[in-house]
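Chemist: Fold the following.
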Amino acid sequence: MLRALGKAIYPSRCICCGDLVEDEFGLCGRCWKETPFIDGLVCDQCGAPLPGESDVTVRCDDCLKTARPWARGRAALLYQDNGRKFVLGLKNGQRHDLAIPCAKWMVRAGKPLVSPDMLATPMPLHWSRLLRRRFNQSARLGERIARELQLDWLPDALSRGKSTRELDGLSREDRFRTLSQAIQPSKKRQSQLVGRKVLLIDDVMTTGASLGAATDALLAGGAQEVCVLVLARVAKAS
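Modeler: Modelled structure (predicted):
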């Protein structure tokens, strides 16, 4: 009764446009259609959508050309339209509420990656950026995802010891060069990392340079295998 009364006083609204919706933290029909969810056949390493159907795992052209240190990967959305809006809302701190539905979408996309005794960890921020922003959007997503998937949560498995320039606008080569040696495994958490399979969580994947650097650090710290899960993937729609 109290729940019904609460909904009557504060009705649920679409997280995108604000129209009335049935479910809390939901999307209206129009915004759902305009949100680029990734479904169907995807690249098994980065989660990019692929045309057609297949009974075997496949990789996209990018992953065939560029060696990835991680084993498998998935993304919930394409980084365009509402997908881009949600990522920027989380990253800029304007829409902390988006972590709830976005984590649920990521859980749905990431279930094929989950294995027994896996732990989850977020992409780290350098302390200076964390101080300015006051939060790590990947950690906000990751904590909810770990709880939903019943994974051990290790928020500080990695550290970003070197402050790097913004990566927007950099070429693939410059991104990889900028991130070289920027991320390290946490010495105080290494015992919890050794021999474990890890789910690395981030908000967006562009070239994979950040995820590659973080994966290298996790493997150097003793992780057995790393899979990656992101909210959005920069890719062309199929």
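
Chemist: since we're on the residue nearest to Q137 when sequence neighbours are not counted, how many residues are nearby?
Modeler: The shortest distance from Q137 to any non-neighbouring residue, by Cβ to Cβ, 6 or more residues apart in numbering, is to L90 (4.5 Å). For glycine as for every other residue, the C-beta is placed from the backbone atoms N, C-alpha and C. Neighbours of L90 under the rule other Cβ atoms under 10 Å: 23.

Chemist: What distance do you get for L90 to R84?
Modeler: Using Cβ to Cβ, to the nearest Å, we find L90 at a distance of 11 Å from R84.

Chemist: Any stretches of the chain with poor pLDDT?
Modeler: Applying pLDDT under 70 to the chain picks out residues 1-10, 162-180, 236-238.

Chemist: Measure how far whichever strand or helix holds the residue nearest to Q137 is from the centre of its chain, please.
Modeler: If you go by DSSP states H and E, L90 is part of helix 82-91. With Cα atoms, centre = their mean, to the nearest Å as the basis, helix 82-91 stands 12 Å off its chain's centre.

Chemist: in it, what's buried?
Modeler: Using 16 or more other Cβ atoms under 10 Å as the test for burial, helix 82-91 gives 82-91.

Chemist: Quickly name whichever of those residues is closest to E225.
Modeler: Comparing the buried residues of helix 82-91 against E225 with Cβ to Cβ places V87 closest, at 26.4 Å.

Chemist: wait, isn't that closest one in contact with V234?
Modeler: No - with contact defined as Cβ atoms under 8 Å, V87 does not count as touching V234 (10.1 Å).

Chemist: Give the residues shared as contacts by the two.
Modeler: Common contacts of V87 and V234, defined by Cβ atoms under 8 Å, 6 or more residues apart in numbering, comprise 79, 204.

Chemist: and the gap between the nearest residue to C28 once chain neighbours are set aside and G26?
Modeler: Sequence neighbours aside, C14 is the residue nearest to C28 in space, at 4.1 Å (criterion: Cβ to Cβ, 6+ apart). For C14, the distance to G26 (Cβ to Cβ) stands at 7 Å.

Chemist: Those two: which is more packed in?
Modeler: Using other Cβ under 10 Å, the more surrounded residue of C14 and G26 is C14, with 18 against 15.

Chemist: ok, now which ones touch the more buried one?
Modeler: Contacts of C14 (Cβ under 8 Å, 6+ apart): 20-21, 26-28, 31.

Chemist: now the residues you listed in CSV, with distance to L119?
Modeler: As requested, these are exported to CSV (distance: Cβ to Cβ, whole Å):
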residue, distance to L119
L20, 40
V21, 34
G26, 30
L27, 31
C28, 36
C31, 34
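
Chemist: Any chance of a ChimeraX selection covering the buried ones in the residues you listed?
Modeler: Only the buried entries of the contacts of C14 go into this ChimeraX selection, using 16+ other Cβ under 10 Å:
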select :21,27,28,31
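
Chemist: Show me the contacts of C14 that map onto helices.
Modeler: Counted as lying in helices by DSSP state H, out of the contacts of C14, are C31.

Chemist: what comes into contact with the next helix or strand along the chain from the helix holding L90?
Modeler: Downstream of helix 82-91, the next assigned helix or strand under DSSP H and E is helix 99-110. Applying Cβ under 8 Å, 6+ apart, the set of residues contacting helix 99-110 from outside is 15, 25-27, 37-38, 47, 74-77, 86, 90, 137, 140-141, 144-145, 148-149, 199, 201, 229-231.
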